[in-house]
Structure formats: structure tokens, C-alpha cells
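> Here you go, sequence then predicted model.
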Amino acid sequence: MDPRQPPLVSVVVPAHNEAQGIAKATDVIGGVLDGCGVRWEIVVVDDGSRDGTFDRVAEIARRDPRIKGIRFSRNFGKEAALLAGLAHARGDAVVTIDADLQHPPALIPQMIEHWRGGAKVVDAVKRSRDTDGVLVRLRARVFNALLTRLGGIRVENSSDFKLLDRTVVDAIARLLPERRRFYRGLTEWVGYRRVSLPFDVAERHAGEGKWTLWKLVELALTATISFTSAPLRIVTVLGFFTLAFGFVVGAEAIVGWARGRAVSGFTTTIATLLIIGSAIMISLGIIGEYIAKIYDEIKARPAYLVDGQVGIEPAPQARAAVSAPEPAVTLPAAPMPPAAAAAQARDLRVG
């Protein structure tokens, strides 16, 4: 960062079918940044929208070159959109914020002040969710509580509304190779000095929410598998439970036989098979989730594919690779076998 000019702050805005409100979102965020005494850019990542979101972003970018846009070839998910935004943002600090303005842009100046004070990560923490329905609040509470207890990372009341220093951005976007990501967990995992700022979730100003129950379950599975092996220990617990159950049933059968009582074999057998079978299926399911994640990772497919962009400059690494290609590698010749060498020598003498 050049000390002679104000720092550059990038704002990453993931968007999916936000054509109705993306113009207002960029106007509000840009107006807040104008009062912060910084240079700024807004990077909108269109996550496979079908309502013309990217066309609206391109139209805005023609009027203001500080607005930039990236369009995915399809819907890859919010986590991929956040990764793409971090990878293309050029700022000394990067703010991630939702396009629906439920994350209040008015909090950005305080985030910048804490960053200037030395914080590497500024977390915006939800103080209340009064604008959400009862079911939404309940499932969010269950998700956060489970991940906090199982994963060992603090995500209770956390959000994707954060400010990250360039050091943290580079660590998350370039040093962590995993493809199925959980952004909130990664920002917690990397550490660094952090500050928390509470905020109240605002009303959505346009459009409708994109999170469904199934998407939240998928995110919960990804987050849990990425940050903890605790579910695998459940398999061991189930094994001990079925073993103890087997001992109890076996002891009861032996005692009944010793006393000359007839043992109800059908009921006992069915109950035992159901319990053991259920434990086996649950165990296979848990192990299967981890194997599926390993499979996804070793395929090494990109986290997203870009179908179009506006105002985005090539990354410095890409420009360096184009301007200075790696030299071709010449492999040394394999040594000639002794028999072939002798035959070649005879041919030379004859010639």
C-alpha cells in the first residue's frame, strides 16, 4: 500500500437473481464508502442468475468504473461466489456483504476504523434476527449450535458480513486449496487479531431470500465435515452401544435358559436386527459423507467457472505467467545399453 494515497477498500457482493435491487445496493454501499476517506471498488459476483442481474451490473459499471462484475457459467453457490470475489478483489482490505442490504452498509465505516487500528478481521455479529420468521431463526440457531460444539469453531450469530485485511484475503483465497468451503469457518480458522461488531438484521429491500432448508442442510454438512471428525467418533459410540445391547440381550437369554423359561426368540431377534441394522446404516452414512468429500477434493475441479466479466483486471499471478512463461524442460537422454553400444561401434568400424 502506497502511504501517499488513501487505502483501497474492496467490497465483494455475491448476487443471485438480484436484478431488482442490485442498483440500489451498489448506490448505498458506494455512498457509504465515499464518506470513509478511502479509494474503493465494488465487485459483484453473479452466481448464475437468470433475471438479468449481470446485465444490470454491466450497465452500472459503464457509468462508474469502480463497479466491477463477474458472471458464473452456472449457479455454483454463495461460497464459490465469495471465493471468486476475494480472488479478484484488489483492495488493501476487503468487505464481504450480501446484496439484499440485510447487512447494514452503515457499519462499514466502523469496520474500516477498527482495521486502521490494527484488526485483521472485523466480524459483524448478529445481535437480533427479528425480521426473520420463527422457523428461519430456529434452524439457524440449531445449525450454529451444532457446528460450534462439533466443529470447535465459534460461528454462533456469525454472518458473512466481514472485513478482511489483505493478509487474510490472500491466506483464504490462495493458500487454502480446498474446494468445498465454509467461509465463516475459514475466517475463524485462520486466526489473526479480530474485532466483533454487533448489528441488527435489516428488512430485505427487494426480491426474496434464496436459502432453502435443503441448502442450509448441505452447508451444515460441508461445514461439519470440513472442520471436525467428531461424527466419525459417533460410529465408535454406536459400536459400543450395540455391543452393550448385545450383552444385555445375551445375558437375558442365558438366564432364561438356565431357569427353564422359554425365550421369545422372534421379538428379541427382530429388535436386535433393527437396532444393529440402524447403527450400521448410520455409520455407513457418516463414513460415506467423508469419503464423498475426499472424492470431490481429489477430482480437483475448479470451484467455479467464469462466463463473463466487466471491469476486472487479470490477477498479477496470471499476468506474470503470460509475460514470463516457464522454459521448456529437456529430459536427459537415457544411457545406451552395452550391447547396443558394442553393435554401434562395430558398425562404425565397418563403415
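Sure, I can see it.
> The stretch 1-150 of the chain: strands as residue ranges?
8-15, 39-46, 67-72, 93-96, 121-128 (DSSP state E, counting those that start in this stretch).
> I would like the residues contacting the third one, please.
Residues outside strand 67-72 that contact it (Cβ atoms under 8 Å, 6 or more residues apart in numbering) are 26, 30, 41-48, 54, 57-58, 60-61, 80-81, 84-85, 88, 304-312. (Glycine included, C-beta is placed from N, CA and C.)
> Out of the residues you listed, which sit inside helices?
Thr26, Gly30, Phe54, Val57, Ala58, Ile60, Ala61, Ala80, Ala81, Ala84, Gly85, His88 (DSSP state H).
> quick one: the fourth one from Met281, how far?
As defined by Cβ to Cβ, to the nearest Å, Val57 lies at a distance of 47 Å from Met281.
> the more surrounded of these two?
Set Val57 next to Met281 and count neighbours by other Cβ atoms under 10 Å: Val57 wins out with 31 against 10.
> the helices in the stretch 151-300 of the chain, which residues?
Ranges of helices in the stretch 151-300 of the chain, per DSSP state H, counting those that start in this stretch, are 166-170, 183-189, 213-227, 230-258, 265-299.
> returning to that earlier point: please identify which two of the ones in helices among the contacts of strand 67-72 are farthest apart in space.
Maximum pairwise distance among these (Cβ to Cβ): 24.8 Å, between Gly30 and Ala80.
> Who has more neighbours out of those two?
Ala80 (22 against 18).
> shaky segments in the stretch 1-150 of the chain?
Scanning the stretch 1-150 of the chain for pLDDT under 70 picks out 1-4, 128-137, 139-140, 143-150.
> meant to ask about the stretch 251-351 of the chain, not that
Short version for the stretch 251-351 of the chain, where the test is pLDDT under 70: 253, 256-257, 260-268, 271, 314-351.
> Please repeat the previous calculation with a cut-off of 50.
316-334, 348, 350-351 (pLDDT under 50).
> Span of stretch 25-44 from start to end?
10 Å (Cα to Cα, to the nearest Å).
> Let me see the residues that make contact with that stretch.
Outside stretch 25-44, the residues that touch it by Cβ under 8 Å, 6+ apart are 5-13, 15, 18, 22, 53, 57, 60, 64, 66-70, 85, 88-91, 97, 99-101, 105-106, 108-109, 112, 312.
> Just the buried positions in that stretch, please.
25-26, 28-30, 32-33, 36, 38-44 (16 or more other Cβ atoms under 10 Å).
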